[in-house]
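S.K.: I need the structure of the sequence given here:
(one chain, ligands or ions: 1)
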Amino acid sequence: MATLSTALFACSGATLAQENAGQDMPEEARANFARPIVLEADDVRLFPEPPANYRDLPESGLRGTLERITYHSGVTGTDRSANVYLPPNYSPDQKYPVLYLLHGIGGNEYEWIGYVKGHAILDNLIADDKAVPMIAVFPNGRAMPNDEPPENPFNPEAVAAFAAFEGDLLDYLVPAIDARYSTIADADHRALAGLSMGGGQTFNIGLSHLDTFSWIAPFSAAPNTQPLEELVDNPESVSKNLNLLYISCGNRDGLINNSQQAHRFLRDHGIPHIWNVDDHGHDGETWGSNLYHFAQRTF
Ligand code: FER
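M.R.: Below is the predicted model:
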(Lines give C-alpha, C1' and ligand atoms only; values in the text may rest on other atoms or scores of the structure.)
Protein backbone atom coordinates (compact mmCIF):
# COMPACT_ATOMS: atom_id res chain seq x y z
CA MET A 1 0.00 0.00 0.00
CA ALA A 2 1.21 3.52 -0.76
CA THR A 3 2.19 5.70 2.17
CA LEU A 4 -0.12 8.54 3.06
CA SER A 5 1.75 11.37 1.48
CA THR A 6 2.85 9.65 -1.71
CA ALA A 7 -0.72 8.49 -2.36
CA LEU A 8 -2.00 11.99 -1.88
CA PHE A 9 0.52 13.97 -3.81
CA ALA A 10 0.30 11.48 -6.66
CA CYS A 11 -3.47 11.91 -6.68
CA SER A 12 -3.32 15.67 -6.85
CA GLY A 13 -0.98 15.42 -9.81
CA ALA A 14 -3.30 13.06 -11.63
CA THR A 15 -6.23 15.36 -11.01
CA LEU A 16 -4.62 18.38 -12.53
CA ALA A 17 -3.04 16.65 -15.47
CA GLN A 18 -6.29 14.93 -16.40
CA GLU A 19 -8.57 17.94 -16.35
CA ASN A 20 -6.17 19.97 -18.44
CA ALA A 21 -4.89 17.14 -20.60
CA GLY A 22 -3.24 18.35 -23.75
CA GLN A 23 -3.13 21.98 -22.76
CA ASP A 24 0.08 23.88 -22.39
CA MET A 25 -0.12 26.29 -19.51
CA PRO A 26 2.03 27.45 -16.62
CA GLU A 27 2.20 25.20 -13.59
CA GLU A 28 0.40 27.62 -11.32
CA ALA A 29 -2.51 28.16 -13.69
CA ARG A 30 -2.87 24.40 -14.15
CA ALA A 31 -2.85 23.90 -10.42
CA ASN A 32 -5.89 26.08 -10.15
CA PHE A 33 -7.85 24.74 -13.10
CA ALA A 34 -7.14 27.77 -15.28
CA ARG A 35 -10.72 28.93 -15.42
CA PRO A 36 -11.65 32.63 -15.41
CA ILE A 37 -11.96 34.13 -11.93
CA VAL A 38 -14.23 37.16 -11.54
CA LEU A 39 -14.42 38.52 -8.00
CA GLU A 40 -17.26 40.68 -6.71
CA ALA A 41 -17.54 42.98 -3.72
CA ASP A 42 -18.64 40.36 -1.21
CA ASP A 43 -16.07 37.77 -2.24
CA VAL A 44 -13.81 38.69 0.66
CA ARG A 45 -11.81 37.10 3.42
CA LEU A 46 -13.58 36.97 6.78
CA PHE A 47 -10.94 35.29 8.93
CA PRO A 48 -7.19 35.73 9.31
CA GLU A 49 -4.69 33.00 8.50
CA PRO A 50 -4.30 30.55 11.38
CA PRO A 51 -1.14 30.78 13.51
CA ALA A 52 1.92 29.41 11.69
CA ASN A 53 2.08 26.19 13.71
CA TYR A 54 -1.61 25.34 13.65
CA ARG A 55 -1.06 21.93 12.10
CA ASP A 56 2.19 21.00 13.82
CA LEU A 57 1.87 18.40 16.52
CA PRO A 58 3.94 18.59 19.70
CA GLU A 59 6.96 16.29 19.93
CA SER A 60 4.89 13.88 21.99
CA GLY A 61 2.66 13.45 18.93
CA LEU A 62 -1.08 13.23 18.52
CA ARG A 63 -2.91 13.59 21.84
CA GLY A 64 -5.96 11.77 20.53
CA THR A 65 -5.83 8.61 18.43
CA LEU A 66 -6.35 7.61 14.83
CA GLU A 67 -7.82 4.25 13.96
CA ARG A 68 -9.03 2.47 10.90
CA ILE A 69 -12.41 0.80 10.82
CA THR A 70 -14.36 -1.22 8.29
CA TYR A 71 -18.09 -1.26 7.73
CA HIS A 72 -20.27 -3.20 5.37
CA SER A 73 -21.88 -1.15 2.61
CA GLY A 74 -24.99 -2.30 0.80
CA VAL A 75 -24.21 0.32 -1.87
CA THR A 76 -20.95 -1.26 -2.99
CA GLY A 77 -21.62 -4.75 -1.63
CA THR A 78 -18.19 -4.64 0.01
CA ASP A 79 -16.57 -3.98 3.34
CA ARG A 80 -15.25 -0.45 3.19
CA SER A 81 -12.64 1.38 5.26
CA ALA A 82 -12.67 4.72 6.99
CA ASN A 83 -10.20 6.47 9.26
CA VAL A 84 -11.43 7.79 12.58
CA TYR A 85 -9.92 10.38 14.92
CA LEU A 86 -10.84 10.05 18.58
CA PRO A 87 -10.15 13.01 20.88
CA PRO A 88 -7.78 12.73 23.88
CA ASN A 89 -9.21 10.69 26.77
CA TYR A 90 -12.02 9.38 24.58
CA SER A 91 -14.33 7.51 26.90
CA PRO A 92 -17.52 5.55 26.31
CA ASP A 93 -18.82 7.25 29.44
CA GLN A 94 -19.07 10.49 27.51
CA LYS A 95 -20.91 11.26 24.29
CA TYR A 96 -19.32 13.09 21.40
CA PRO A 97 -20.37 15.03 18.31
CA VAL A 98 -19.06 13.77 14.98
CA LEU A 99 -17.49 15.61 12.05
CA TYR A 100 -17.32 13.81 8.68
CA LEU A 101 -14.57 15.10 6.36
CA LEU A 102 -14.75 14.27 2.66
CA HIS A 103 -11.80 14.24 0.24
CA GLY A 104 -11.28 15.41 -3.35
CA ILE A 105 -11.36 13.74 -6.75
CA GLY A 106 -7.88 12.21 -6.59
CA GLY A 107 -7.92 11.48 -2.87
CA ASN A 108 -9.09 8.79 -0.53
CA GLU A 109 -9.66 8.36 3.20
CA TYR A 110 -6.08 9.52 3.86
CA GLU A 111 -6.18 12.87 2.05
CA TRP A 112 -7.37 14.95 4.99
CA ILE A 113 -4.83 13.25 7.25
CA GLY A 114 -1.74 12.92 5.07
CA TYR A 115 -2.02 16.07 2.96
CA VAL A 116 -4.11 18.56 4.94
CA LYS A 117 -3.28 17.32 8.47
CA GLY A 118 -6.89 17.70 9.54
CA HIS A 119 -6.38 15.33 12.50
CA ALA A 120 -3.55 17.55 13.81
CA ILE A 121 -5.58 20.73 13.31
CA LEU A 122 -8.46 19.29 15.36
CA ASP A 123 -6.12 17.81 17.97
CA ASN A 124 -4.45 21.21 18.51
CA LEU A 125 -7.77 23.09 18.65
CA ILE A 126 -9.18 20.64 21.19
CA ALA A 127 -6.01 20.84 23.32
CA ASP A 128 -6.27 24.65 23.29
CA ASP A 129 -9.99 24.53 24.21
CA LYS A 130 -10.81 26.24 20.93
CA ALA A 131 -12.94 23.35 19.69
CA VAL A 132 -15.05 20.89 21.66
CA PRO A 133 -13.82 17.29 21.86
CA MET A 134 -15.22 15.60 18.79
CA ILE A 135 -14.87 12.43 16.75
CA ALA A 136 -13.77 12.99 13.16
CA VAL A 137 -14.45 10.44 10.43
CA PHE A 138 -12.45 10.36 7.20
CA PRO A 139 -14.34 8.15 4.74
CA ASN A 140 -13.54 7.09 1.21
CA GLY A 141 -16.10 9.09 -0.78
CA ARG A 142 -15.78 7.05 -3.97
CA ALA A 143 -18.47 4.41 -3.37
CA MET A 144 -17.42 1.64 -5.74
CA PRO A 145 -15.97 -1.83 -5.09
CA ASN A 146 -12.44 -0.72 -5.97
CA ASP A 147 -12.40 2.69 -4.37
CA GLU A 148 -8.72 3.52 -4.82
CA PRO A 149 -8.05 6.65 -6.89
CA PRO A 150 -8.04 5.47 -10.52
CA GLU A 151 -5.44 6.49 -13.06
CA ASN A 152 -7.91 9.00 -14.47
CA PRO A 153 -9.91 10.21 -11.46
CA PHE A 154 -12.23 12.12 -13.84
CA ASN A 155 -13.50 8.95 -15.53
CA PRO A 156 -17.32 8.88 -15.49
CA GLU A 157 -17.54 5.71 -13.39
CA ALA A 158 -15.33 7.19 -10.69
CA VAL A 159 -17.20 10.51 -10.75
CA ALA A 160 -20.53 8.63 -10.46
CA ALA A 161 -19.15 6.85 -7.40
CA PHE A 162 -18.92 10.22 -5.62
CA ALA A 163 -22.68 10.59 -6.13
CA ALA A 164 -23.33 6.98 -5.02
CA PHE A 165 -21.53 7.81 -1.76
CA GLU A 166 -24.68 9.58 -0.54
CA GLY A 167 -26.42 6.27 0.17
CA ASP A 168 -23.24 4.73 1.54
CA LEU A 169 -22.81 7.58 4.02
CA LEU A 170 -26.40 7.91 5.14
CA ASP A 171 -27.43 4.25 5.24
CA TYR A 172 -24.20 2.50 6.21
CA LEU A 173 -21.36 4.66 7.48
CA VAL A 174 -23.26 6.99 9.82
CA PRO A 175 -25.13 4.06 11.43
CA ALA A 176 -21.85 2.13 11.74
CA ILE A 177 -20.15 5.07 13.48
CA ASP A 178 -23.10 5.57 15.82
CA ALA A 179 -23.11 1.85 16.66
CA ARG A 180 -19.39 1.64 17.30
CA TYR A 181 -18.65 4.88 19.13
CA SER A 182 -20.20 6.91 21.89
CA THR A 183 -21.80 9.58 19.73
CA ILE A 184 -24.60 12.06 20.16
CA ALA A 185 -26.56 10.64 17.28
CA ASP A 186 -28.56 13.60 16.04
CA ALA A 187 -28.27 16.37 13.47
CA ASP A 188 -27.34 18.99 16.08
CA HIS A 189 -24.21 16.98 16.78
CA ARG A 190 -23.22 15.96 13.26
CA ALA A 191 -21.13 18.03 10.86
CA LEU A 192 -20.33 17.39 7.21
CA ALA A 193 -17.40 19.12 5.53
CA GLY A 194 -15.36 18.40 2.44
CA LEU A 195 -12.88 19.71 -0.05
CA SER A 196 -13.49 20.03 -3.78
CA MET A 197 -15.41 16.90 -4.94
CA GLY A 198 -16.01 16.41 -1.22
CA GLY A 199 -17.23 20.01 -1.06
CA GLY A 200 -19.73 19.28 -3.82
CA GLN A 201 -20.83 16.16 -1.93
CA THR A 202 -21.17 18.28 1.21
CA PHE A 203 -23.52 20.72 -0.55
CA ASN A 204 -25.50 17.92 -2.20
CA ILE A 205 -25.84 15.55 0.74
CA GLY A 206 -25.82 18.14 3.51
CA LEU A 207 -28.46 20.54 2.23
CA SER A 208 -30.81 17.69 1.32
CA HIS A 209 -30.35 15.90 4.69
CA LEU A 210 -30.59 18.56 7.34
CA ASP A 211 -32.25 15.94 9.51
CA THR A 212 -28.85 14.19 9.61
CA PHE A 213 -26.32 17.06 9.45
CA SER A 214 -26.86 20.62 10.63
CA TRP A 215 -23.25 21.91 10.47
CA ILE A 216 -22.19 22.01 6.83
CA ALA A 217 -18.93 23.20 5.32
CA PRO A 218 -18.11 22.86 1.62
CA PHE A 219 -14.56 24.04 0.89
CA SER A 220 -13.56 24.83 -2.74
CA ALA A 221 -16.58 22.90 -4.03
CA ALA A 222 -16.17 21.20 -7.43
CA PRO A 223 -18.59 21.17 -10.40
CA ASN A 224 -20.32 18.10 -8.94
CA THR A 225 -22.26 20.64 -6.84
CA GLN A 226 -25.93 20.45 -7.80
CA PRO A 227 -27.65 23.77 -8.56
CA LEU A 228 -28.73 25.32 -5.29
CA GLU A 229 -32.22 25.78 -6.76
CA GLU A 230 -32.49 21.99 -6.71
CA LEU A 231 -31.04 21.52 -3.25
CA VAL A 232 -33.05 24.25 -1.54
CA ASP A 233 -36.75 23.98 -2.17
CA ASN A 234 -37.79 25.78 1.00
CA PRO A 235 -35.43 28.55 2.17
CA GLU A 236 -37.28 29.02 5.48
CA SER A 237 -36.97 25.40 6.54
CA VAL A 238 -33.33 25.26 5.42
CA SER A 239 -32.54 28.37 7.49
CA LYS A 240 -34.38 26.93 10.48
CA ASN A 241 -32.65 23.55 10.38
CA LEU A 242 -29.11 24.73 9.75
CA ASN A 243 -26.84 25.39 12.68
CA LEU A 244 -24.08 26.68 10.40
CA LEU A 245 -23.37 26.69 6.68
CA TYR A 246 -19.73 27.66 6.17
CA ILE A 247 -18.63 28.05 2.53
CA SER A 248 -15.09 28.89 1.50
CA CYS A 249 -12.89 29.08 -1.56
CA GLY A 250 -9.57 30.59 -2.51
CA ASN A 251 -9.57 33.61 -4.82
CA ARG A 252 -6.98 31.87 -7.03
CA ASP A 253 -9.08 28.76 -7.50
CA GLY A 254 -10.59 28.42 -10.99
CA LEU A 255 -13.49 26.47 -9.45
CA ILE A 256 -14.58 29.50 -7.41
CA ASN A 257 -17.59 30.18 -9.62
CA ASN A 258 -19.36 27.13 -8.12
CA SER A 259 -19.08 28.53 -4.63
CA GLN A 260 -19.88 32.07 -5.78
CA GLN A 261 -23.11 30.83 -7.37
CA ALA A 262 -24.06 28.98 -4.21
CA HIS A 263 -23.28 32.00 -2.03
CA ARG A 264 -25.30 34.35 -4.26
CA PHE A 265 -28.31 32.03 -4.27
CA LEU A 266 -28.20 31.75 -0.47
CA ARG A 267 -27.71 35.51 -0.07
CA ASP A 268 -30.59 36.29 -2.41
CA HIS A 269 -32.87 33.84 -0.56
CA GLY A 270 -31.95 35.10 2.90
CA ILE A 271 -30.31 31.87 4.06
CA PRO A 272 -27.64 32.71 6.68
CA HIS A 273 -24.16 31.44 5.89
CA ILE A 274 -20.48 32.25 6.13
CA TRP A 275 -18.72 32.99 2.82
CA ASN A 276 -14.98 33.14 3.31
CA VAL A 277 -12.82 33.87 0.27
CA ASP A 278 -9.17 33.57 1.18
CA ASP A 279 -6.07 34.21 -0.90
CA HIS A 280 -5.26 30.60 -1.71
CA GLY A 281 -5.73 28.35 -4.72
CA HIS A 282 -7.08 24.82 -4.91
CA ASP A 283 -4.78 23.55 -2.20
CA GLY A 284 -4.21 22.30 1.30
CA GLU A 285 -3.58 25.80 2.65
CA THR A 286 -7.17 26.88 2.14
CA TRP A 287 -8.57 23.53 3.31
CA GLY A 288 -6.52 23.50 6.51
CA SER A 289 -7.23 27.13 7.26
CA ASN A 290 -10.96 26.75 6.76
CA LEU A 291 -11.15 23.57 8.81
CA TYR A 292 -9.39 25.54 11.55
CA HIS A 293 -12.04 28.27 11.44
CA PHE A 294 -15.02 25.98 10.91
CA ALA A 295 -14.16 23.56 13.73
CA GLN A 296 -14.03 26.44 16.23
CA ARG A 297 -17.55 27.45 15.30
CA THR A 298 -19.03 23.97 15.34
CA PHE A 299 -21.03 22.10 18.02
C1 FER B 1 -14.02 19.27 -12.61
C2 FER B 1 -12.93 19.93 -12.07
C3 FER B 1 -12.47 19.56 -10.80
C4 FER B 1 -14.66 18.25 -11.88
C5 FER B 1 -14.18 17.91 -10.63
C6 FER B 1 -13.09 18.55 -10.09
C7 FER B 1 -16.35 16.60 -11.85
C8 FER B 1 -12.62 18.14 -8.79
C9 FER B 1 -11.44 18.51 -8.26
C10 FER B 1 -10.99 18.01 -6.95
O11 FER B 1 -11.72 17.26 -6.29
O12 FER B 1 -9.90 18.39 -6.53
O13 FER B 1 -14.48 19.59 -13.84
O14 FER B 1 -15.72 17.65 -12.48
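
S.K.: what's the burial count for residue 141?
M.R.: For residue 141, the number of neighbouring residues by other CB atoms under 10 Å comes to 33. C-beta here means a position set from N, CA and C on the backbone, and glycine is covered the same way.

S.K.: Contacts only, for it.
M.R.: The contact partners of residue 141, taken as CB atoms under 8 Å, 6 or more residues apart in numbering, are 102-103, 162, 165, 169, 194, 197-198, 201.

S.K.: now swap in residue 276 and tell me
M.R.: So residue 276 contacts 45-47, 246-248, 290, 293 (CB under 8 Å, 6+ apart).

S.K.: try residue 136
M.R.: 84-85, 98-101, 118-119, 122.

S.K.: picking up where we left off before, list only those of the contacts of residue 276 flagged as buried.
M.R.: Neighbour-count burial (16 or more other CB atoms under 10 Å) is assigned, among these, to 47, 246-248, 290, 293.

S.K.: about what we covered before: in helices, which of the contacts of residue 276 fall?
M.R.: Residues of the contacts of residue 276 located in helices (DSSP state H): 290, 293.

S.K.: ok, back up a step: farthest-apart pair in the contacts of residue 141, please.
M.R.: Across those, the longest distance by CB to CB is 13.6 Å; it joins 169 and 197.

S.K.: These two: who's more crowded?
M.R.: A direct count of neighbours by other CB under 10 Å for residue 169 and residue 197 places residue 197 higher, at 30 against 27.

S.K.: wait, what's in contact with the more buried one?
M.R.: By CB under 8 Å, 6+ apart, the contact list for residue 197 reads 102-105, 141, 159, 162, 222, 224.

S.K.: which of those lies closest to residue 215?
M.R.: Using CB to CB, these come closest to residue 215 at residue 102, 13.7 Å.

S.K.: for that closest one, what are its contacts?
M.R.: Residues counted as contacts of residue 102 (CB under 8 Å, 6+ apart) are 139, 141, 165, 192-195, 197-199, 201-202.

S.K.: Since that was my last question, I'll sign off now.
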